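*Asks:* one predicted model, sequence on top.
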Amino acid sequence: MSNSRFTLITHVSHMRYNFALLVIIFLVCSSRAIGQRLTREFPYAGTTYRYQVAAVQDSSVYSLHIQALKSREQGTTIYKGRIAAVFNHPRRWRITIYAAQKKKSGWTTQQDSYLETTFDLQQKTVSHFDNGALVDAAEQDLTDNFSAEWGQINSHWALAATVEYFIVNYNRALGKYDEGEELETEEALMLEQMMAERQAERDRQIAAIIEQRQQTALVADTAAKSEALAQTPVENAVVATTSASTDSVAVSEAAFAAASPPLRLEGDLSLPFVSQLPVDNKVYFIEVRYDDLNRIELKLRRYDADSNRNELTYASYIRVKDSADVSGKYHVMIHFAENNGYEWKTYPGSYLECSLDVANRQLCFKTIGSKLINCLRNPENQQAIREIPATIVNMERQEVLLAAARYFIKECPRVLVVTE
């Protein structure tokens, strides 16, 4: 009897230990997930807002920094305040954004003025409550921005949804747009660095092409001299026959190889990726990076020389299918998206597919789905093929992405949002 009791007590103790261990692991993982910095750009009503949420002090207190962007390089801070969040409740998450005012000494948080958003995980509902000065700052008709699947909800999504609800429905509580302030972010430096690296890579490619052309011209010149030597009188060429025969065969093979060199696909689609993209005498910037859902996010901006600004013209996501090692094909799909005033709605069934055929040295473009087909410059031209010049001996995966984006901008102008 005593042995059975001891065994039962030991079993219960192990169960309690395992349960406690699971709770600790869950809390640690949640803390790590919540503790990561969240940075997003959010276009609304003709302005692109960049906001950053970062944990401070502990996992329940966050700093919130909102900027209004004039361009990729310039913007202004319109809010610096605090967020209180509770994510450790099994049924309800609560996020509170406090109002803030800019004074000479800096931004001050107003504890009695706030927006409180509650996510009921059991009832699958979202509710909002405002207090203090934010009540008067609220829009007359509130806009609901809930659009996620409850099975996929996480702390980052909840924070992003709450901040964007705050921007849309309490825009008057944000600071004024000061034209004199500089953008307080390191992303402008990252952009310059990426542009410099990209330009250096292009310079290396151009140098390689020039060198390859020079080698081709040298081979052709050597072949011409060999043919002239072959046409000289036999008595003058007897001495050179033995040594020249081997060289002539080598020259002929080299000339044949240079006439149609094989195409090689090289490099990786390393992210984040930023590049300049000239199209039809206009300058665009393409930005590609992973988003919070681990999708490959695509943003296109058009540069306006008169205002020296980069306007966001398109935001969506892309998919990549790499079978170059098996079939010699590399595919990039740019998905169709529509802007409804404050967000971009994407369509998984409508996209532009750009395929590189290594063996045939071709870039093949195909438009899928009626949504995007209707936005083509000429809806009847749903497919196109571009031959790759023989002077190009290698192509990087990022070059395929740039080719897809360039074709998308040129042939699908109706999808781009341009503010005049």
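*Replies:* Cool, the structure landed.

*Asks:* helix or strand next in line after the least confident helix or strand in the chain by mean pLDDT, which one?
*Replies:* Among the helices and strands of the chain, helix 234-259 carries the lowest confidence by mean pLDDT, DSSP states H and E, at a mean of 43. Per DSSP states H and E, helix 234-259 leads on to strand 264-266 as the next helix or strand towards the C-terminus.

*Asks:* the helix or strand following that following strand pairs with which strands?
*Replies:* Beyond strand 264-266 on the C-terminal side, the first helix or strand identified by DSSP H and E is strand 273-279. Strand 273-279 has the following strand partners under DSSP bridges: strand 282-290 (antiparallel).

*Asks:* buried residues of the partner strand, list them for me.
*Replies:* In terms of neighbour count (16 or more other CB atoms under 10 Å), strand 282-290 has its buried residues at 284-288. All C-beta spots, glycine's among them, are computed from the backbone N, C-alpha and C.

*Asks:* looking at L69 now. What's its pLDDT?
*Replies:* We have a pLDDT of 82 for L69.

*Asks:* touching, it and G46? I think so.
*Replies:* No - taking contacts as CB atoms under 8 Å, L69 lies outside contact range of G46: 11.5 Å.

*Asks:* the two - which one has more neighbours?
*Replies:* Neighbours per residue (other CB atoms under 10 Å) separate L69 from G46, with L69 holding more: 21 against 9.

*Asks:* what's the neighbour count on the closest residue in space to that one that isn't next to it in sequence?
*Replies:* Take L69 and drop its neighbours on the chain: the residue closest to it by CB to CB, 6 or more residues apart in numbering is G75, 4.1 Å away. Residues near G75, counting by other CB under 10 Å, number 23.

*Asks:* could you do Y79 as well?
*Replies:* Residues lying near Y79 (other CB under 10 Å) number 24.

*Asks:* got phi/psi on it?
*Replies:* As for Y79, its main-chain torsions (degrees, to the nearest 10) stand at phi -160, psi 130.

*Asks:* okay, and the beta partners of it?
*Replies:* Beta-bridge pairing for Y79 (DSSP bridges): I66.

*Asks:* what's the spacing between it and R50?
*Replies:* Y79 sits 11 Å away from R50, going by CB to CB, to the nearest Å.

*Asks:* common neighbours of those two, please.
*Replies:* Common neighbours of Y79 and R50 (criterion: CB atoms under 8 Å, 6 or more residues apart in numbering): I66.

*Asks:* mind listing the helices for the protein?
*Replies:* Assigned by DSSP state H, the chain shows helices spanning 2-35, 134-137, 155-169, 187-230, 234-259, 324-327, 370-373, 397-411.

*Asks:* so where's the stretch 51-200 of the chain uncertain?
*Replies:* 57-59, 70-74, 147-148, 176-200 (pLDDT under 70).

*Asks:* hmm, 50 instead?
*Replies:* For the stretch 51-200 of the chain, the stretches flagged by pLDDT under 50 are 178-192.

*Asks:* what do you get for the stretch 201-350 of the chain?
*Replies:* For the stretch 201-350 of the chain, the stretches flagged by pLDDT under 50 are 233-258.

*Asks:* mind running it again at 70?
*Replies:* Applying pLDDT under 70 to the stretch 201-350 of the chain picks out residues 201-207, 210, 213-214, 217, 219-261, 305-308.

*Asks:* and the residue lying closest to Y317 once chain neighbours are set aside, its phi and psi?
*Replies:* Nearest non-adjacent residue to Y317, counting by CB to CB, 6+ apart: R295, 4.5 Å away. Note on R295: its backbone torsions stand at phi -90, psi 160 [degrees, to the nearest 10].

*Asks:* start at 897 instead
*Replies:* In the new numbering, first residue 897, that becomes R1191.

*Asks:* count the residues that sit near R1191.
*Replies:* R1191: 15 neighbours (other CB under 10 Å).

*Asks:* might one say that it is in contact with A1211?
*Replies:* No - contact criterion CB under 8 Å: R1191 and A1211 do not qualify, at 11.8 Å.

*Asks:* what's the spacing between the nearest residue to T1039 once chain neighbours are set aside and Y1199?
*Replies:* Leaving aside its chain neighbours, T1039 sits nearest to V1064 (5.2 Å; criterion: CB to CB, 6+ apart). Distance, V1064 to Y1199, by CB to CB: 27 Å.

*Asks:* P1285 now?
*Replies:* Look at P1285 and Y1199: by CB to CB, they are 28 Å apart.

*Asks:* who has more neighbours, these two?
*Replies:* Y1199 (18 against 8).

*Asks:* returning to what we had before: please report how far the residue nearest to Y1213 lies from H1024.
*Replies:* Between R1191 and H1024 the computed distance is 28 Å (CB to CB).

*Asks:* how about the strands in the stretch 947-1096 of the chain?
*Replies:* Assigned by DSSP state E, counting those that start in this stretch, the strands in the stretch 947-1096 of the chain fall at 954-965, 971-982, 988-999, 1002-1016, 1021-1027.

*Asks:* partner strands of the third one, parallel or antiparallel?
*Replies:* Strand partners for strand 988-999, identified by DSSP bridges, are recorded as strand 971-982 (antiparallel), strand 1002-1016 (antiparallel).

*Asks:* now render the ones you listed as JSON lines, adding distance to E1276.
*Replies:* Converted to JSON lines, the strands paired with strand 988-999 look like this (distance: least, CB to CB, whole Å):
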{"stretch": "strand 971-982", "distance to E1276": "42"}
{"stretch": "strand 1002-1016", "distance to E1276": "48"}
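
*Asks:* E1239 is nearest to which of these?
*Replies:* strand 1002-1016 (17.3 Å; CB to CB).

*Asks:* can you list the residues that contact that closest one?
*Replies:* Contact partners of strand 1002-1016, identified using CB under 8 Å, 6+ apart, comprise 975-978, 987-997, 1022-1030, 1049, 1054, 1057-1058, 1061-1062, 1066.

*Asks:* show the buried residues in those residues.
*Replies:* Those of the contacts of strand 1002-1016 that meet the buried threshold are 975-978, 989-996, 1022, 1026, 1030, 1049, 1054, 1057-1058, 1061-1062, 1066, by 16+ other CB under 10 Å.

*Asks:* kindly report the domain assignment for this structure.
*Replies:* Domain ranges of the chain: 932-1081, 1085-1155, 1162-1311, per automatic domain parsing.

*Asks:* from T992, how far off is Q1007?
*Replies:* From Q1007 across to T992, the span is 10 Å (CB to CB).
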